[in-house]
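In: With the input below, show me the fold.
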Amino acid sequence: MDVLESLSRQISSIHTTAMASGGRRLNAEVLRSRWKIGEFLARADQNVRMARKYGAGWMRHLAARLRATSGKGFALTNLYAMRSLYLEYRIGDLAPALSWNHYKILINIVDRPLRQELEREAINRGWSCAELDARVRLRTTSPKRYVFEREHLDFYEARVIEFEAPGYGRVRALDGGFRIVRSEKLEGFATGSILQWTPQGTLRPTEREEPSYLYLAKVERIIDGDTFQAMVDLGAGQFHWREFRLRGVDTPELDAAGGHRMRDWLAARMPAESVVALRSHQSDKYRRYLADVVYLSQAQDRYELLREGVWLNEELREAGFGAN
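Out: Sure, this is the predicted structure:
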(Lines give C-alpha, C1' and ligand atoms only; values in the text may rest on other atoms or scores of the structure.)
Protein backbone atom coordinates (compact mmCIF):
# COMPACT_ATOMS: atom_id res chain seq x y z
CA MET A 1 0.00 0.00 0.00
CA ASP A 2 1.17 3.52 -0.80
CA VAL A 3 2.82 5.14 2.26
CA LEU A 4 0.59 8.23 2.07
CA GLU A 5 -2.57 6.14 1.69
CA SER A 6 -1.58 4.04 4.70
CA LEU A 7 -1.08 7.17 6.82
CA SER A 8 -4.38 8.62 5.61
CA ARG A 9 -6.25 5.47 6.66
CA GLN A 10 -4.62 5.40 10.09
CA ILE A 11 -5.56 9.02 10.73
CA SER A 12 -9.13 8.52 9.50
CA SER A 13 -9.50 5.53 11.84
CA ILE A 14 -8.30 7.55 14.85
CA HIS A 15 -10.70 10.36 13.97
CA THR A 16 -13.68 8.05 13.44
CA THR A 17 -13.09 6.27 16.76
CA ALA A 18 -12.90 9.58 18.65
CA MET A 19 -16.07 10.97 17.08
CA ALA A 20 -17.98 7.78 17.93
CA SER A 21 -17.35 8.20 21.67
CA GLY A 22 -20.08 10.84 22.10
CA GLY A 23 -21.43 12.29 25.33
CA ARG A 24 -19.23 13.93 27.93
CA ARG A 25 -16.19 12.03 26.77
CA LEU A 26 -16.29 13.50 23.26
CA ASN A 27 -14.14 16.58 23.93
CA ALA A 28 -11.45 14.60 25.75
CA GLU A 29 -11.37 11.94 23.03
CA VAL A 30 -11.14 14.55 20.27
CA LEU A 31 -8.18 16.14 22.04
CA ARG A 32 -6.45 12.78 22.46
CA SER A 33 -7.11 11.92 18.81
CA ARG A 34 -5.57 15.22 17.64
CA TRP A 35 -2.48 14.52 19.74
CA LYS A 36 -2.18 10.96 18.38
CA ILE A 37 -2.58 12.21 14.80
CA GLY A 38 0.12 14.78 15.53
CA GLU A 39 2.39 11.96 16.65
CA PHE A 40 1.85 10.13 13.34
CA LEU A 41 2.59 13.34 11.42
CA ALA A 42 5.78 14.07 13.37
CA ARG A 43 7.05 10.55 12.72
CA ALA A 44 6.08 10.72 9.06
CA ASP A 45 8.32 13.79 8.78
CA GLN A 46 11.26 11.40 9.25
CA ASN A 47 9.95 8.80 6.79
CA VAL A 48 12.48 8.43 3.99
CA ARG A 49 10.01 6.75 1.62
CA MET A 50 7.51 9.58 2.12
CA ALA A 51 10.12 12.25 1.39
CA ARG A 52 11.44 10.37 -1.65
CA LYS A 53 8.02 9.99 -3.27
CA TYR A 54 6.19 13.19 -2.27
CA GLY A 55 8.97 15.61 -1.32
CA ALA A 56 8.69 18.39 1.24
CA GLY A 57 5.03 18.98 0.34
CA TRP A 58 3.81 15.54 1.40
CA MET A 59 1.52 16.97 4.08
CA ARG A 60 -0.35 19.00 1.47
CA HIS A 61 -1.11 15.80 -0.46
CA LEU A 62 -2.25 14.17 2.78
CA ALA A 63 -4.55 17.08 3.63
CA ALA A 64 -6.23 16.80 0.23
CA ARG A 65 -6.93 13.07 0.77
CA LEU A 66 -8.21 13.56 4.31
CA ARG A 67 -10.52 16.44 3.36
CA ALA A 68 -12.06 14.18 0.71
CA THR A 69 -12.70 11.36 3.19
CA SER A 70 -13.06 13.03 6.59
CA GLY A 71 -14.11 16.64 5.99
CA LYS A 72 -12.74 20.16 6.27
CA GLY A 73 -11.37 19.58 9.78
CA PHE A 74 -8.26 18.21 8.06
CA ALA A 75 -7.17 21.33 6.22
CA LEU A 76 -3.40 21.72 5.98
CA THR A 77 -3.31 24.33 8.75
CA ASN A 78 -5.08 21.90 11.08
CA LEU A 79 -2.57 19.15 10.32
CA TYR A 80 0.26 21.50 11.23
CA ALA A 81 -1.60 22.37 14.44
CA MET A 82 -1.97 18.67 15.36
CA ARG A 83 1.74 18.10 14.85
CA SER A 84 2.48 21.14 17.04
CA LEU A 85 0.14 19.81 19.74
CA TYR A 86 2.13 16.58 19.87
CA LEU A 87 5.45 18.44 19.94
CA GLU A 88 4.42 20.95 22.61
CA TYR A 89 2.32 18.83 25.02
CA ARG A 90 2.37 15.43 26.67
CA ILE A 91 -0.91 13.64 26.14
CA GLY A 92 -1.59 13.45 29.88
CA ASP A 93 -1.26 17.23 30.22
CA LEU A 94 -4.18 18.05 27.90
CA ALA A 95 -7.08 19.52 29.89
CA PRO A 96 -10.54 18.16 28.97
CA ALA A 97 -11.98 21.49 30.15
CA LEU A 98 -10.51 23.07 27.02
CA SER A 99 -11.45 22.23 23.45
CA TRP A 100 -9.28 21.45 20.46
CA ASN A 101 -9.94 25.01 19.24
CA HIS A 102 -8.59 26.38 22.54
CA TYR A 103 -5.38 24.43 22.05
CA LYS A 104 -5.02 25.62 18.46
CA ILE A 105 -4.76 29.11 19.93
CA LEU A 106 -2.43 28.13 22.77
CA ILE A 107 0.16 26.27 20.67
CA ASN A 108 0.92 29.48 18.77
CA ILE A 109 2.33 31.08 21.94
CA VAL A 110 6.10 30.66 21.80
CA ASP A 111 6.64 31.80 25.41
CA ARG A 112 5.87 28.59 27.35
CA PRO A 113 5.42 30.17 30.82
CA LEU A 114 2.95 32.64 29.30
CA ARG A 115 1.17 29.81 27.49
CA GLN A 116 0.82 27.84 30.75
CA GLU A 117 -0.46 30.92 32.57
CA LEU A 118 -3.13 31.62 29.94
CA GLU A 119 -4.07 27.94 29.80
CA ARG A 120 -4.70 27.91 33.57
CA GLU A 121 -6.73 31.12 33.38
CA ALA A 122 -8.81 29.77 30.50
CA ILE A 123 -9.65 26.67 32.58
CA ASN A 124 -10.34 28.51 35.84
CA ARG A 125 -12.41 31.28 34.28
CA GLY A 126 -14.15 29.21 31.64
CA TRP A 127 -13.02 31.39 28.74
CA SER A 128 -14.51 30.78 25.33
CA CYS A 129 -12.17 30.49 22.36
CA ALA A 130 -12.93 34.11 21.44
CA GLU A 131 -12.07 35.28 24.96
CA LEU A 132 -8.84 33.27 25.00
CA ASP A 133 -7.84 34.60 21.58
CA ALA A 134 -8.44 38.18 22.71
CA ARG A 135 -6.30 37.63 25.85
CA VAL A 136 -3.52 36.06 23.80
CA ARG A 137 -3.49 38.98 21.37
CA LEU A 138 -3.43 41.44 24.26
CA ARG A 139 -0.45 39.69 25.89
CA THR A 140 1.60 38.84 22.81
CA THR A 141 0.96 41.47 20.17
CA SER A 142 3.47 44.28 19.86
CA PRO A 143 3.93 46.54 16.86
CA LYS A 144 6.82 45.64 14.57
CA ARG A 145 8.63 47.93 12.18
CA TYR A 146 9.73 46.08 9.08
CA VAL A 147 12.61 47.44 7.03
CA PHE A 148 14.21 46.40 3.77
CA GLU A 149 17.34 48.46 3.21
CA ARG A 150 17.99 47.34 -0.33
CA GLU A 151 20.87 49.77 -0.84
CA HIS A 152 22.90 47.81 1.72
CA LEU A 153 22.25 44.35 0.26
CA ASP A 154 23.99 42.28 -2.39
CA PHE A 155 23.46 38.92 -4.06
CA TYR A 156 25.13 35.53 -3.60
CA GLU A 157 26.98 35.96 -0.31
CA ALA A 158 28.04 33.11 1.97
CA ARG A 159 29.86 32.64 5.27
CA VAL A 160 32.96 30.51 5.74
CA ILE A 161 32.17 27.98 8.45
CA GLU A 162 34.05 25.17 10.16
CA PHE A 163 32.53 22.01 11.61
CA GLU A 164 33.11 18.34 12.39
CA ALA A 165 31.94 16.10 9.54
CA PRO A 166 31.54 12.32 10.11
CA GLY A 167 34.29 10.49 8.29
CA TYR A 168 36.10 13.69 7.27
CA GLY A 169 37.12 15.27 10.56
CA ARG A 170 37.28 19.04 10.81
CA VAL A 171 36.23 20.68 7.53
CA ARG A 172 35.69 24.21 6.24
CA ALA A 173 32.86 25.05 3.90
CA LEU A 174 30.56 27.81 2.65
CA ASP A 175 27.13 28.36 4.18
CA GLY A 176 24.98 30.16 1.63
CA GLY A 177 21.71 29.83 3.53
CA PHE A 178 18.91 27.28 3.93
CA ARG A 179 21.31 25.06 5.94
CA ILE A 180 23.03 24.12 2.70
CA VAL A 181 26.82 24.01 2.81
CA ARG A 182 29.28 23.32 0.02
CA SER A 183 32.92 22.38 0.21
CA GLU A 184 35.19 24.82 -1.62
CA LYS A 185 38.86 25.71 -1.77
CA LEU A 186 38.98 28.38 0.91
CA GLU A 187 42.69 28.94 1.39
CA GLY A 188 43.34 32.52 2.44
CA PHE A 189 39.79 33.12 3.74
CA ALA A 190 39.29 33.20 7.50
CA THR A 191 36.53 31.20 9.18
CA GLY A 192 33.57 33.52 9.76
CA SER A 193 34.38 35.82 6.83
CA ILE A 194 31.71 36.68 4.27
CA LEU A 195 32.46 35.88 0.62
CA GLN A 196 30.54 36.59 -2.57
CA TRP A 197 30.18 34.57 -5.74
CA THR A 198 31.08 36.57 -8.84
CA PRO A 199 29.30 36.12 -12.22
CA GLN A 200 32.41 34.17 -13.31
CA GLY A 201 31.86 31.61 -10.53
CA THR A 202 34.82 32.71 -8.40
CA LEU A 203 34.82 33.89 -4.79
CA ARG A 204 35.80 37.33 -3.59
CA PRO A 205 35.96 38.71 -0.04
CA THR A 206 33.56 41.31 1.32
CA GLU A 207 33.68 43.57 4.36
CA ARG A 208 30.28 42.48 5.65
CA GLU A 209 29.71 41.01 9.10
CA GLU A 210 26.60 39.06 8.01
CA PRO A 211 25.50 37.66 4.61
CA SER A 212 22.61 39.45 2.93
CA TYR A 213 20.87 36.12 2.12
CA LEU A 214 19.67 37.79 -1.09
CA TYR A 215 19.05 35.68 -4.20
CA LEU A 216 17.37 35.59 -7.56
CA ALA A 217 14.45 33.16 -7.49
CA LYS A 218 12.13 31.78 -10.16
CA VAL A 219 8.52 31.51 -9.00
CA GLU A 220 7.08 28.03 -9.48
CA ARG A 221 3.66 28.15 -7.82
CA ILE A 222 1.47 30.53 -5.83
CA ILE A 223 -0.13 28.64 -2.94
CA ASP A 224 -2.20 31.40 -1.35
CA GLY A 225 -2.05 35.16 -0.83
CA ASP A 226 1.17 35.08 1.21
CA THR A 227 2.81 31.72 0.42
CA PHE A 228 4.60 30.50 -2.71
CA GLN A 229 7.12 27.97 -4.00
CA ALA A 230 10.26 29.02 -5.84
CA MET A 231 13.55 27.77 -7.19
CA VAL A 232 16.34 29.80 -5.60
CA ASP A 233 19.66 30.46 -7.36
CA LEU A 234 22.34 30.18 -4.65
CA GLY A 235 25.12 31.13 -7.02
CA ALA A 236 27.84 29.19 -8.86
CA GLY A 237 25.34 26.78 -10.40
CA GLN A 238 23.65 25.67 -7.19
CA PHE A 239 19.82 25.78 -6.86
CA HIS A 240 17.35 25.09 -4.10
CA TRP A 241 13.59 24.49 -4.22
CA ARG A 242 11.62 25.86 -1.25
CA GLU A 243 8.25 27.03 0.05
CA PHE A 244 8.24 30.60 1.35
CA ARG A 245 5.94 32.79 3.44
CA LEU A 246 6.03 36.56 2.92
CA ARG A 247 7.52 38.17 6.03
CA GLY A 248 5.17 40.37 8.05
CA VAL A 249 2.15 39.53 5.89
CA ASP A 250 -1.05 37.66 6.73
CA THR A 251 -3.73 37.18 4.06
CA PRO A 252 -6.92 35.07 4.30
CA GLU A 253 -6.64 31.29 3.96
CA LEU A 254 -7.96 29.85 0.70
CA ASP A 255 -11.08 28.48 2.40
CA ALA A 256 -11.85 31.88 3.98
CA ALA A 257 -13.61 34.87 2.42
CA GLY A 258 -11.25 36.61 0.03
CA GLY A 259 -8.70 33.80 0.03
CA HIS A 260 -8.87 33.00 -3.68
CA ARG A 261 -8.95 36.69 -4.58
CA MET A 262 -5.71 37.30 -2.66
CA ARG A 263 -4.02 34.31 -4.29
CA ASP A 264 -4.94 35.68 -7.73
CA TRP A 265 -3.70 39.12 -6.64
CA LEU A 266 -0.31 37.68 -5.73
CA ALA A 267 -0.14 35.56 -8.90
CA ALA A 268 -0.70 38.67 -11.01
CA ARG A 269 2.39 40.31 -9.48
CA MET A 270 4.68 37.29 -9.45
CA PRO A 271 3.32 34.76 -11.97
CA ALA A 272 4.86 31.32 -12.43
CA GLU A 273 8.23 31.45 -14.22
CA SER A 274 8.81 35.11 -13.26
CA VAL A 275 12.11 36.04 -11.61
CA VAL A 276 12.12 38.00 -8.35
CA ALA A 277 14.71 39.16 -5.85
CA LEU A 278 14.26 37.22 -2.61
CA ARG A 279 15.81 37.80 0.80
CA SER A 280 15.35 34.88 3.18
CA HIS A 281 14.92 35.00 6.95
CA GLN A 282 14.43 32.34 9.63
CA SER A 283 11.80 29.66 9.14
CA ASP A 284 8.33 29.88 10.72
CA LYS A 285 6.51 27.25 12.79
CA TYR A 286 5.52 25.41 9.58
CA ARG A 287 9.19 25.22 8.49
CA ARG A 288 8.65 27.70 5.68
CA TYR A 289 11.35 30.31 5.31
CA LEU A 290 10.13 33.88 5.70
CA ALA A 291 11.03 36.10 2.76
CA ASP A 292 11.08 39.65 1.49
CA VAL A 293 10.31 39.80 -2.23
CA VAL A 294 10.98 42.49 -4.82
CA TYR A 295 9.36 42.20 -8.26
CA LEU A 296 9.67 44.17 -11.50
CA SER A 297 8.50 43.06 -14.92
CA GLN A 298 11.13 43.15 -17.67
CA ALA A 299 14.05 44.08 -15.44
CA GLN A 300 17.30 44.21 -17.42
CA ASP A 301 19.45 42.70 -14.68
CA ARG A 302 19.35 41.72 -11.02
CA TYR A 303 20.54 45.11 -9.80
CA GLU A 304 17.82 46.99 -11.68
CA LEU A 305 15.34 44.53 -10.20
CA LEU A 306 16.61 45.20 -6.69
CA ARG A 307 16.93 48.97 -7.16
CA GLU A 308 13.71 49.75 -9.06
CA GLY A 309 11.42 46.86 -8.11
CA VAL A 310 8.35 46.93 -5.85
CA TRP A 311 8.79 45.62 -2.30
CA LEU A 312 5.87 43.18 -2.30
CA ASN A 313 5.67 42.78 1.50
CA GLU A 314 5.19 46.51 2.04
CA GLU A 315 2.63 46.67 -0.77
CA LEU A 316 0.54 44.03 1.00
CA ARG A 317 0.92 45.64 4.45
CA GLU A 318 -0.19 49.00 3.08
CA ALA A 319 -3.25 47.21 1.67
CA GLY A 320 -4.18 46.11 5.20
CA PHE A 321 -2.63 42.64 5.32
CA GLY A 322 0.15 43.26 7.82
CA ALA A 323 0.97 40.74 10.56
CA ASN A 324 2.75 41.18 13.87
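In: so where do the strands sit in the stretch 201-324 of the chain?
Out: Applying DSSP state E, counting those that start in this stretch to the stretch 201-324 of the chain gives strands spanning 203-205, 214-224, 227-235, 238-246, 275-283, 289-295, 310-311.
In: Parallel or antiparallel, list what pairs with the first one.
Out: Each strand pairing with strand 203-205, determined using DSSP bridges, is listed with its direction: strand 194-197 (antiparallel).
In: List of residues touching the partner strand?
Out: Strand 194-197 has contacts (Cβ atoms under 8 Å, 6 or more residues apart in numbering) with 154-160, 174, 189, 203-206, 208-211, 235-236. C-betas here are computed from N, CA, C, even on glycine.
In: Now list the buried members of those.
Out: 154-160, 174, 189, 203, 208, 211, 235-236 (16 or more other Cβ atoms under 10 Å).
In: Just the buried residues of the host helix or strand of Ala68, please?
Out: If you go by DSSP states H and E, Ala68 is part of helix 58-70. Of the residues in helix 58-70, 58-59, 61-63, 65-67 count as buried by neighbour count, 16+ other Cβ under 10 Å.
In: Now pLDDT too, for these, in TSV please.
Out: Formatted as TSV, the buried residues of helix 58-70 follow (pLDDT from 0 to 100):
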residue	pLDDT
Trp58	77
Met59	80
His61	82
Leu62	86
Ala63	86
Arg65	86
Leu66	89
Arg67	85
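In: May I see those residues organised as CSV, with distance to Val147 added?
Out: Shown next, in CSV, are the buried residues of helix 58-70 (distance: Cβ to Cβ, whole Å):
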residue, distance to Val147
Trp58, 35
Met59, 33
His61, 37
Leu62, 38
Ala63, 35
Arg65, 42
Leu66, 40
Arg67, 39
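In: for those residues, which one is nearest Ser274?
Out: Each of these was checked against Ser274 using Cβ to Cβ; the closest is His61, at 25.5 Å.
In: Is that closest one in contact with Asp2, as I believe?
Out: No - His61 is beyond contact range of Asp2, at 10.4 Å (criterion: Cβ atoms under 8 Å).
In: domains for the chain, by residue range?
Out: 3-140, 151-205, 213-321 (automatic domain parsing).
In: and Val219, how many neighbours?
Out: By other Cβ atoms under 10 Å, 23 other residues sit near Val219.
In: how far away is it from Glu273?
Out: Going from Val219 to Glu273 by Cβ to Cβ, to the nearest Å gives 7 Å.
In: Over to Ala323?
Out: 28 Å.
In: Tell me what angle the strand or helix carrying Leu174 forms with strand 238-246.
Out: Using DSSP H and E, Leu174 sits within strand 169-175. Counting by axes from the mean of the first three to the mean of the last three Cα atoms, to 10 degrees, strand 169-175 points 60 degrees away from the direction of strand 238-246.
In: so what strands line up beside strand 169-175?
Out: For strand 169-175, pairing defined by DSSP bridges yields strand 157-165 (antiparallel), strand 181-182 (antiparallel).
In: where exactly do the helices run in the protein?
Out: Using DSSP state H, the helices of the chain run over residues 3-19, 26-44, 48-54, 58-70, 76-88, 100-106, 112-125, 129-140, 259-269, 302-308, 312-316.
In: Please state the backbone phi and psi of the closest residue to Met262 other than its chain neighbours?
Out: Leaving aside its chain neighbours, Met262 sits nearest to Gly225 (2.9 Å; criterion: Cβ to Cβ, 6 or more residues apart in numbering). Phi and psi for Gly225, reported as degrees, to the nearest 10, are phi -70, psi -10.
In: Relative to Ala122, how far out is Gly225?
Out: 31 Å.
In: Let's check: the centremost residue of this protein is which one?
Out: In the chain, the centroid-proximal residue (Cα atoms, centre = their mean) is Arg288; its distance is 2.1 Å.
In: quick one, what contacts it?
Out: Here Arg288 is in contact with 227, 242-245 (criterion: Cβ under 8 Å, 6+ apart).
In: Can you tell me which of the residues you listed lies closest to Gly73?
Out: Nearest member of the contacts of Arg288 to Gly73, counting by Cβ to Cβ, is Thr227, at 20.8 Å.
In: Report pLDDT for the closest one.
Out: pLDDT for Thr227: 94.
In: and the closest residue to it other than its chain neighbours, how many neighbours does it have?
Out: Excluding the flanking residues, the one nearest Thr227 by Cβ to Cβ, 6+ apart is Arg245, at 5.2 Å. Neighbour count of Arg245, defined by other Cβ under 10 Å: 21.
In: Just the pLDDT at Arg245, thanks.
Out: 94.
In: I'd like to know how far the closest residue to Ala190 other than its chain neighbours sits from Ser280.
Out: Counting by Cβ to Cβ, 6+ apart, the nearest residue to Ala190 once its immediate chain neighbours are dropped is Val160, at 6.8 Å. Val160 sits 19 Å away from Ser280, going by Cβ to Cβ.
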